[in-house]
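Novice: Would you be able to build a 3D model of this:
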Amino acid sequence: MTGRSSTCLAILAELKRRCHETVSGNELAAALGISRTAVWKHIRTLQSRGYQIESQRKRGYRLKAWSHSLRPEEVIPLLRTRCFGRTYEYHETIESTNDRAMDLARTGAPHGTVVVAEEQTAGRGRLRRPWVSLRGLGLYLSVILRPELPPRYGHETTLTASLALARSLRDLYGLPARIKWPNDILISGKKVAGILTEMHSDPDRIQFVVVGVGVNVLHSSMDLPSDTLYPATSLALERERLGAQPSGEEPWAWSRPHVLAGFLNTWEELDEIYMAQGLQALREDLIAVSAVIGKVVRVQVSERILEGVARDLTDRGALVLDMEGGRRETVWVGDILHLREVQQDAPEPSSS
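Specialist: Reported below is the predicted structural model:
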């Protein structure tokens, strides 16, 4: 962050702290060691970014309304992280945050770099399915990770990100988010978020991983696509339907910046556990919030379609299926096309 950006952020933080007061230009100038003219220029910058700041002659400045954007000055003050989001690139519009993050990673962007956009014109999910990225309604971001691991561990990053997103929605907002293995987040059986992981590696080690995340936050039912494999929903729709309340009483706690910061804070905590202890340390948590364990699932694995009862996850995050005839399959990479409850009046496949 440049010195000018950090000064602008400091002025905004003070106006937020004293949001019901008028703060004089002299106070701001003295506190930050800059001139009153410099304060005025920063105020103009904040106003251009959507902040409603009232300027009163000979009295000072008063913040009347927050911006609802994902600009760094809205997100970074909410972070408790050491790495995640500390390098933060913001775009009004971009084709794909994943493509931009891949370019940044190739030129040495550090671990934890976040690329975020208000909208994407070519957003995508797994298997290059389109991800509708309407302006100002969702979270569209990509995070660069540099785990010092062999390439065979790359898929585990998807699971840690999925767990972080599900846990943050459950803990911060009381929403019953669950993971449709390995990369989708469901609430009450409807998809609210998806994760796309792309990796660049040498034969012996991962160079970097880019994790793209899309979350439907403020979408109404009219904003959501109807031609998807799973019905779609948003945090706003589920909040209304379930009457969920965020922890704390801040009226802005449902804002996109708070959802994003909560996710990044949770993810860094889990990533540190993962890097120190491996995925087995998170296995029980993954099972606890799974949308598929104990269900009959149909999984596409390359050219094959497998159907069985999702019985377990391995310590490395692979999905264990009990098939007909007592056969057991371990699926490392696949796409779940369908899931349903086990019929209680029919015998389940036996475990081996």
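
Novice: which residue packs closest to Ala101, ignoring adjacent ones?
Specialist: Counting by C-beta to C-beta, 6 or more residues apart in numbering, Ala101 lies nearest to Ser142, which is 3.8 Å off, once chain neighbours are set aside. All C-beta spots, glycine's among them, are computed from the backbone N, C-alpha and C.

Novice: Contacts for stretch 92-106 next, please.
Specialist: 89, 91, 109, 113, 115-124, 135, 140-144, 196, 198, 200, 207-208, 210, 212 (C-beta atoms under 8 Å, 6 or more residues apart in numbering).

Novice: contacting residues for Leu141?
Specialist: Leu141 sits next to 97, 114-117, 212-213, 260 when contact means C-beta under 8 Å, 6+ apart.

Novice: should've said Ser188
Specialist: Shown here is Ser188, whose contacts under the criterion C-beta under 8 Å, 6+ apart are 176, 233, 238, 241-242.

Novice: Buried only: go through these for me.
Specialist: Those of these that meet the buried threshold are 233, 238, by 16 or more other C-beta atoms under 10 Å.

Novice: Name the nearest of the contacts of Ser188 relative to Arg59.
Specialist: Proximity of the contacts of Ser188 to Arg59 (C-beta to C-beta) peaks at Glu238, which lies at 43.5 Å.

Novice: sorry, back to before: which pair in the contacts of Leu141 has the greatest spatial separation?
Specialist: Top of the distance list for the contacts of Leu141 (C-beta to C-beta): Gly212 and Leu260, 13.7 Å.

Novice: more crowded one of the two?
Specialist: Gly212 (28 against 24; other C-beta atoms under 10 Å).

Novice: Make sure I have this right: Met93 is in a strand.
Specialist: Small correction: residue 93 is Thr, not Met. Yes. Counting by DSSP: H, G, I helix; E, B strand; the rest coil, Thr93 is part of a strand.

Novice: Quickly note the distance from it to Gln52.
Specialist: Thr93 is 23 Å from Gln52, where distance means C-beta to C-beta, to the nearest Å.

Novice: Please apply the same query to Ala318.
Specialist: Counting by C-beta to C-beta - Ala318 and Gln52 are separated by 51 Å.

Novice: Of those two, give the one with the bigger neighbour count.
Specialist: Shown here are Ala318 and Gln52; by other C-beta under 10 Å, Ala318 has more neighbours (20 against 12).

Novice: For Thr160, give me the pLDDT.
Specialist: Looking at Thr160, its pLDDT reads 98.

Novice: May I see the buried residues of the helix or strand containing it?
Specialist: Assigned by DSSP states H and E, Thr160 belongs to helix 156-173. For helix 156-173, the neighbour count (16+ other C-beta under 10 Å) marks 156-170, 172-173 as buried.

Novice: Show residues contacting the helix or strand immediately after it in the chain.
Specialist: Once the chain leaves helix 156-173, the next helix or strand it forms, by DSSP H and E, is strand 177-180. By C-beta under 8 Å, 6+ apart, the surrounding residues in contact with strand 177-180 are 159, 162-163, 165-167, 169-170, 185-187, 191-192, 230, 286, 289-292, 336, 339.

Novice: Now do the helix or strand following strand 177-180, average pLDDT.
Specialist: Counting by DSSP H and E, the next helix or strand C-terminal to strand 177-180 is strand 184-187. The pLDDT scores in strand 184-187 average 96.

Novice: Would you list the strands that strand 184-187 pairs with, along with their directions?
Specialist: Strand 184-187 sits in its sheet next to strand 177-180 (antiparallel), strand 190-201 (antiparallel), going by DSSP bridges.

Novice: helices and strands around the strand or helix carrying Gly212, which ones?
Specialist: Following DSSP H and E, the helix or strand that holds Gly212 is strand 206-216. Applying 3 or more C-beta pairs under 8 Å, 6 or more residues apart in numbering; DSSP states H and E, we find strand 206-216 packed against helix 97-106, strand 138-145, helix 156-173, strand 190-201, helix 256-277.

Novice: Specify the residue ranges that define each domain of the protein.
Specialist: For the chain, automatic domain parsing gives the domain ranges 3-65, 72-288, 295-341.

Novice: ok, now how distant is the residue nearest to Arg256 when sequence neighbours are not counted from Gly123?
Specialist: Spatial nearest neighbour of Arg256, excluding adjacent residues (C-beta to C-beta, 6+ apart): Val217 at 5.3 Å. According to C-beta to C-beta, Val217 and Gly123 sit 14 Å apart.

Novice: got it, and Val297?
Specialist: Applying C-beta to C-beta to Val297 and Gly123 gives a distance of 26 Å.

Novice: Also Glu329?
Specialist: 32 Å.

Novice: more crowded one of these two?
Specialist: Looking at Glu329 and Gly123 with other C-beta under 10 Å, you find the greater number of neighbours at Gly123, namely 25 against 18.

Novice: ok, and for stretch 111-130, which residues are buried?
Specialist: Using 16+ other C-beta under 10 Å as the test for burial, stretch 111-130 gives 111-120, 123-126.

Novice: Nice, that's everything, thank you.
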